[in-house]
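*Asks:* please work out how this folds:
(chains A and B)
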Protein chains: 2
Amino acid sequence: MAASASLTLSQPALSRSSVPRHGTATQQPTSFSTLAIPSFSGLKSTITSSARATTHRQVSSTRRFVISNAAVETLEKTDTALVMRYNPKNPYWFNRDRFVLSAGHGCMLQYALLHLAGYDSVKEEDLKQFRQWGSRTPGHPENFETPGVEVTTGPLGQGIANAVGLALAEKHLAARYNKPDAEIVDHYTYCILGDGCQMEGIANEACSLAGHWGLGKLIALYDDNHISIDGDTEIAFTENVDQRFEALGWHIIWVKNGNTGYDEIRAAIKEAKSVTDKPTLIKLSNYMILKIQEKIVTTTIGFGSPNKANSYSVHGAALGAKEVDATRQNLGWPYEPFYVPDEVKKHWSRHTPDGAALEAQWNAKFAEYEKKYPEEAAELKSIATGVLPAGWEKALPTYTPETPGDATRNLSQTMLNALAPVLPGLIGGSADLASSNMTLMKMFGDFQKNTPEEHNVRFGVREHGMGAISNGIALHSPGFIPYCATFFVFTDYMRGAIRISALSEAGVIYVMTHDSIGLGEDGPTHQPVEHLASFRAMPNILMFRPADGNETAGAYKVAVESRKRPSILALSRQKLPNLPGTSIEGTAKGGYIITDNSTGNKPDVILIGTGSELEIAAKAADELRKEGKSIRVVSFVSWELFDEQSDEYKESVLPSSVTARVSIEAASTFGWGKLVGSEGKAIGIDKFGASAPAGKIYKEYGITVEAVVAAAKEVC
Amino acid sequence: MAASASLTLSQPALSRSSVPRHGTATQQPTSFSTLAIPSFSGLKSTITSSARATTHRQVSSTRRFVISNAAVETLEKTDTALVMRYNPKNPYWFNRDRFVLSAGHGCMLQYALLHLAGYDSVKEEDLKQFRQWGSRTPGHPENFETPGVEVTTGPLGQGIANAVGLALAEKHLAARYNKPDAEIVDHYTYCILGDGCQMEGIANEACSLAGHWGLGKLIALYDDNHISIDGDTEIAFTENVDQRFEALGWHIIWVKNGNTGYDEIRAAIKEAKSVTDKPTLIKLSNYMILKIQEKIVTTTIGFGSPNKANSYSVHGAALGAKEVDATRQNLGWPYEPFYVPDEVKKHWSRHTPDGAALEAQWNAKFAEYEKKYPEEAAELKSIATGVLPAGWEKALPTYTPETPGDATRNLSQTMLNALAPVLPGLIGGSADLASSNMTLMKMFGDFQKNTPEEHNVRFGVREHGMGAISNGIALHSPGFIPYCATFFVFTDYMRGAIRISALSEAGVIYVMTHDSIGLGEDGPTHQPVEHLASFRAMPNILMFRPADGNETAGAYKVAVESRKRPSILALSRQKLPNLPGTSIEGTAKGGYIITDNSTGNKPDVILIGTGSELEIAAKAADELRKEGKSIRVVSFVSWELFDEQSDEYKESVLPSSVTARVSIEAASTFGWGKLVGSEGKAIGIDKFGASAPAGKIYKEYGITVEAVVAAAKEVC
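*Replies:* The predicted structure is shown next:
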């Protein structure tokens, strides 16, 4: 902790994106400012008259949403100077404003502005390599490719939910660490979303929570252009969005000229900032009431293009050279492609010194803070840098076979409560199943509108929103350790967000209980079967199925350390014994021997189990050993971690010469073929579950000691 | 078509649930009527004073939502006699009202009422076997276990979205088949949903569409009891639900006494039926304004239980014997468990003759209709019974290697347009990607509020809602063939609904295009990798990855025939050639030889490919054959279908003596180990994709002819 505050809290690029994925990934810091739009002289304020109109979309309470002219007039020049606070030369400055382009398909706008603002991550050549192999400018914004991009968007609705997570993170940290004499955490979260995001259920889930939590520093700009890929949104989207957001507890501002009304937009942001107890939705429209039909037209997609503006043909497809020329002419832009006029360069050049000054001021402030409040500063540093407090893992309990058995969901609660005092970044909760998922940290209260300093998050029955909000928290600062929970089967509801965790290197911990038919009476709608296989097939995610106390501790150890790879913990509802031979160290290797009575790495049979079925494998081994067989029992708690071990280690656990192998897992056998081989046997469940007491289903489905013993005799 | 109309249209139980899953499943017809609640004398109208109150929940426009006393007063006795129209002795009567318990965890209510109403599927002994092995009364309502249950619910939000699908189906059929002199399709869809359903994004998606489509015969009863598993919904759900539904275009009715206000509820349903252009949400509350705080209490969870009512402890856990006794005493119910007093029996007994009469009347009406409109009647019969028109499959085109190549997404469009004229039950569309998924049937217009007779459905960007709505359509009538579409990667957004398709035997066809890195520039957020494996692991679903025209036709043939098993078609964005040896018949076997220059079932190497990589396997075979090798090329278009073939057939395709096998698929290799064995090699992609032109990514990721040739030489 000898490093200076400013250095430590700069979140260097390397901490976020240390391993380039493809090609030319030399890491350089970057930045962004989509909102500081200069009204440079070359841009004519043209309103295309071909704009199409809408019949069904109602504008309710128009009066209320139109921002007053007064607000525009009172806007001072200084306000327009720099709407967003960031430092282009250090995209990871801790207290920067966050920006999320939820409508990620418009990423060229973001890349171009990152470039103009002085971020080194997007050079002119990067812009020219748009969507090409190894470029920093992929087809959708990706935080792991392009410093300055906060989160990974493209799949609609994810971005706005990430933004809710980013704003939650800010509100939480501000409540925990700000002091009357030192406002050390203080930034806004901006988000641009379109009609597509608005239609997605995940957006409604996340925005309902944002309203509930009163995230006053979340400012969402809704690009209401009324066009989606299939045409006018009127064919599928005629609800009253303003009214819905009002119902969700948001403040709504309607900007009449969303195309070129820069002063209006600035005034709207000013108004949004003045509303501190509600998130704000700024609806960007093109206010053009067609007198005859009383219709209202919104922003214009493809604004400036004389022939294609306001039609779905500019949504996904390129304009084409001819229409690009026509658009340039229409907008009065005489320059060559990629040429930036000096006037524009000069206008944008101030962002570099301004940003550096902002960070320097903040660093000085933090240095003060650190002197006055060393403990708080150390905690905040841990969260801001991702450096975990030394020795944190000693908080994890270990178990012996004599320790009374327990459900792994209860053991998970023990871990969370053991870690809560030692990991300042631990925050999370459940989708209305806290008392089933066992996720409450008892030393903390609920994160709520008026108690944002607390750590237990109540997500309601909103799994998809929960996952994406957790991604936002994880990507706010590398030392955040967000966890979220539901029944394992309901990962189906949040898989879109879980995949983004994996892709965008967000180290969320998914606490997924009720992990098999072992949950019993709730029946097949609630019993996962294919879910383990489905996540073992997903890249960059750790799928754990711990068998007892030591393995649950081990899974938490690896999961907490894995800040760039999410973890899923599949946990039992039912009580399980603590088994001989399990360990934290073994768990960290993914697959390991728990008991073995063979010699020379040549057992008669290898029995492989995971989670609640490791006990069955162990009992079967006892039976078989009584009959004189040499049996090795292997726990396969995480396939991904085992895959990463050395060939020697793998051979020491699963010698290729021993083809007599039996696996048992109360789940789909899909994928086990590779481990048990063509000579071995995989015992599992390749159909849906049933509603009955757990013991009865296990028996009827053949997940039993007898089945393992019989299979072992067959294969050897 | 010689069978009488009444027989044919009764949708016999066998057509829905022919294969019992567990134990005692003797199939008998059944029925349901939760809304015809008798106010029998034993039930005291008690209002518990321990009811907790809410601060944040606002009731807007109270005046508007309170139903007038006048409506209650004018309610005639005949209206209360039978609110729902059904025939307990034939749960599959075509024109029955549909009921969905979206809050599926309350299924004992449904089972008890099915029993009282005279459905044979739920006998007294079934009620006693609640949640036990082999019973008709599982832990959540399951259509495939319990005749009288329309859809499978439990995972929250699915049911209300299914109800939207059921109501869509009715509106569509009514518009197509009703005549001025014969209203042959005319039923309501009722749904009970709770706070949990309301929080789920899928519910907002589906309800937004219901409002957009103006589904006037959808009546949802919102059990606003203000308690979810984690406690008072105030901890996570403070939005204004009334206002949100108003924004979605629904009619809202607020029933003040949702606990015991039977007349109020009946009046509300009457009012809902009078609003024909909007779906109705009836909010069931317990109107008790606490004068001091101006708080409003909603319905009472656990109503009647003196000590546990209105608390989360009655949400999931059983009351316990003591509290059950106390509740009986509180409600003035002196009888033994499972005893039904004669008075109650008598009250309910009328449902059997009434239901039989309703069906008989309708059958007579349909017989008339059939005489006057034989063509329409034949079509409707096909939809109502699931008997496909003879020879429909002849409409599918076939291809030769000389036919110019095309993307399988375009070939899919060809199939849909070839099938549209011959399959009366075909209806579907895309989640705002119709022009990318190629799903428009050109002979039809859009299903919209004022054109409900049309077949192209515009779902907007609402994948999860789309899947669940499609399930509702499929389960409305066995001859409906709903399809729905998005990019394959976005199955992640709708997996909850897809799993319910598989579990509930809803034969939805999922048209999933852009099925690999082959989509190119959109990058890793849009490129599926693990999705094929994830669905191959899911029970009761067919995962197809066709390689060309014949295989796309073959996939459609099987998918259309599979009315009790959903199908997913993974289709390419990029153009593919028509390959020698592919066929509809081969596709129906799941895996088959397309070319082979070996003799005696002993090729040097077997190359296995799917979809766009089958071409690569075929080209590699050409190379290897030039070098004198005997090479078999196998298409593995559907693993599930191959698994169902005889051992002889499997051995003829993949002889166990030939261990030199190479597979190639631009997706996760997870699961391929079983097919290629420990001696073989699986070529695939075990990481995320990248943004670049497709050809470039294929090359960089090693999905090439060269890689297959090299691997083949390695293994043999």
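
*Asks:* may I see the buried residues of stretch A:106-120?
*Replies:* Residues of stretch A:106-120 classed as buried: A:106-107, A:110-120 (neighbour count, 16 or more other CB atoms under 10 Å in any protein chain shown). Where C-beta positions appear, they are placed from N, C-alpha and C, glycine not excepted.

*Asks:* one more: stretch A:360-370?
*Replies:* So, applying 16+ other CB under 10 Å, buried residues of stretch A:360-370: A:W362, A:N363, A:K365, A:F366, A:Y369, A:E370.

*Asks:* hang on, the fifth one in a strand?
*Replies:* This points to A:Y369. No: going by DSSP: H, G, I helix; E, B strand; the rest coil, the assignment for A:Y369 is helix, not a strand.

*Asks:* on that earlier part again, and of the buried residues of stretch A:360-370, the nearest to A:Q198?
*Replies:* Nearest to A:Q198 out of the buried residues of stretch A:360-370 is A:W362 (CB to CB; 34.6 Å).

*Asks:* put together JSON lines for the buried residues of stretch A:360-370, with pLDDT on each row.
*Replies:* Below are those laid out as JSON lines (pLDDT from 0 to 100):
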{"residue": "A:W362", "pLDDT": "98"}
{"residue": "A:N363", "pLDDT": "98"}
{"residue": "A:K365", "pLDDT": "97"}
{"residue": "A:F366", "pLDDT": "98"}
{"residue": "A:Y369", "pLDDT": "98"}
{"residue": "A:E370", "pLDDT": "98"}
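
*Asks:* what packs against the helix or strand hosting A:G586?
*Replies:* Per DSSP states H and E, A:G586 falls inside helix A:584-588. Using 3 or more CB pairs under 8 Å, 6 or more residues apart in numbering or on different chains; DSSP states H and E as the contact test, the elements touching helix A:584-588 are helix A:549-561, strand A:592-596.

*Asks:* re earlier: by pLDDT, give me the weakest of the buried residues of stretch A:106-120.
*Replies:* Lowest pLDDT of these: A:G106, 93.

*Asks:* and the helices and strands packed on helix A:584-588: which comes nearest chain B?
*Replies:* Evaluated with CB to the nearest CB, the helices and strands packed on helix A:584-588 place helix A:549-561 nearest to chain B, the distance being 19.8 Å.

*Asks:* elements contacting the following helix or strand past the closest one?
*Replies:* Where DSSP H and E defines the elements, the next helix or strand beyond helix A:549-561 is strand A:567-571. Secondary-structure packing of strand A:567-571 (3+ CB pairs under 8 Å, 6+ apart): helix A:408-419, strand A:509-513, helix A:531-536, strand A:542-544, helix A:549-561.

*Asks:* looking at those, which is closest to B:A617?
*Replies:* Minimum separation from B:A617 across these (CB to CB) falls at helix A:531-536, 24.6 Å.

*Asks:* what's the offset of that closest one from the middle of its chain?
*Replies:* The chain centroid and the centroid of helix A:531-536 are separated by 19 Å under CA atoms, centre = their mean, to the nearest Å.

*Asks:* is chain B contacted by that helix?
*Replies:* Yes: contact between helix A:531-536 and chain B is present through A:A533, A:S534, A:R536 (criterion: CB under 8 Å from any CB of the partner chain).

*Asks:* which one is the second one nearest to, not counting chain neighbours?
*Replies:* Excluding the flanking residues, the one nearest A:S534 by CB to CB, 6 or more residues apart in numbering or on different chains is B:S534, at 3.7 Å.

*Asks:* just flag the most distant two among the buried residues of stretch A:360-370.
*Replies:* A:W362 and A:E370 (12.3 Å).

*Asks:* so which residue of the stretch 151-300 of chain A comes closest to chain B?
*Replies:* A:G201 (2.1 Å).

*Asks:* show me where the stretch 351-500 of chain A has its helices.
*Replies:* Using DSSP state H, counting those that start in this stretch, the helices of the stretch 351-500 of chain A run over A:351-372, A:374-385, A:408-419, A:434-437, A:463-476, A:491-503.

*Asks:* wait, which of these is closest to chain B?
*Replies:* helix A:491-503 (4.2 Å).

*Asks:* name the helices or strands packed onto that closest one?
*Replies:* Against helix A:491-503 (3+ CB pairs under 8 Å, 6+ apart) you get helix A:158-177, helix A:463-476, strand A:509-513, helix A:531-536, helix B:491-503.

*Asks:* between whatever helix or strand comes next after the longest one and helix A:463-476, how big is the angle?
*Replies:* Same thing as helix A:158-177. Moving toward the C-terminus from helix A:158-177, the next helix or strand (DSSP H and E) is strand A:189-194. For strand A:189-194 against helix A:463-476, the angle between stretch directions is 140 degrees (axes from the mean of the first three to the mean of the last three CA atoms, to 10 degrees).

*Asks:* partner strands of strand A:189-194, with direction?
*Replies:* Neighbouring strands of strand A:189-194 in its sheet, by DSSP bridges, are strand A:98-101 (parallel), strand A:218-223 (parallel).

*Asks:* and that strand with helix A:158-177, angle?
*Replies:* Using the same axes, to 10 degrees: strand A:189-194 against helix A:158-177 is 160 degrees.

*Asks:* so how far is strand A:189-194 off the chain centroid?
*Replies:* 16 Å.

*Asks:* what's in contact with that strand?
*Replies:* Contact with strand A:189-194 is made by A:34-35, A:84, A:97-103, A:106, A:156, A:159-160, A:163, A:166-167, A:170, A:203, A:215, A:217-225, A:228, as judged by CB atoms under 8 Å, 6 or more residues apart in numbering or on different chains.

*Asks:* for the buried residues of stretch A:106-120, which one is nearest B:K589?
*Replies:* Closest to B:K589, out of all of those and judged by CB to CB, is A:C107, at 44.2 Å.

*Asks:* what's the pLDDT at the closest residue in space to the closest one that isn't next to it in sequence?
*Replies:* In this structure, A:C107 finds its nearest non-sequential neighbour in A:P141, 4.6 Å apart by CB to CB, 6+ apart. pLDDT for A:P141: 98.

*Asks:* what do you get for the one 10 residues further on?
*Replies:* Here, the pLDDT recorded for A:V151 equals 98.

*Asks:* tell me the centre residue of chain A?
*Replies:* In chain A, the C-alpha nearest the mean C-alpha coordinate belongs to A:N471, at 2.0 Å (CA atoms, centre = their mean).

*Asks:* ok, and the closest non-adjacent residue to that residue?
*Replies:* Nearest to A:N471 is A:A506, by CB to CB, 6+ apart, at 4.4 Å.

*Asks:* that older thread, dump the buried residues of stretch A:360-370 into JSON lines; add distance to A:G467 as well.
*Replies:* Shown next, in JSON lines, are the buried residues of stretch A:360-370 (distance: CB to CB, whole Å):
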{"residue": "A:W362", "distance to A:G467": "31"}
{"residue": "A:N363", "distance to A:G467": "34"}
{"residue": "A:K365", "distance to A:G467": "34"}
{"residue": "A:F366", "distance to A:G467": "32"}
{"residue": "A:Y369", "distance to A:G467": "33"}
{"residue": "A:E370", "distance to A:G467": "35"}
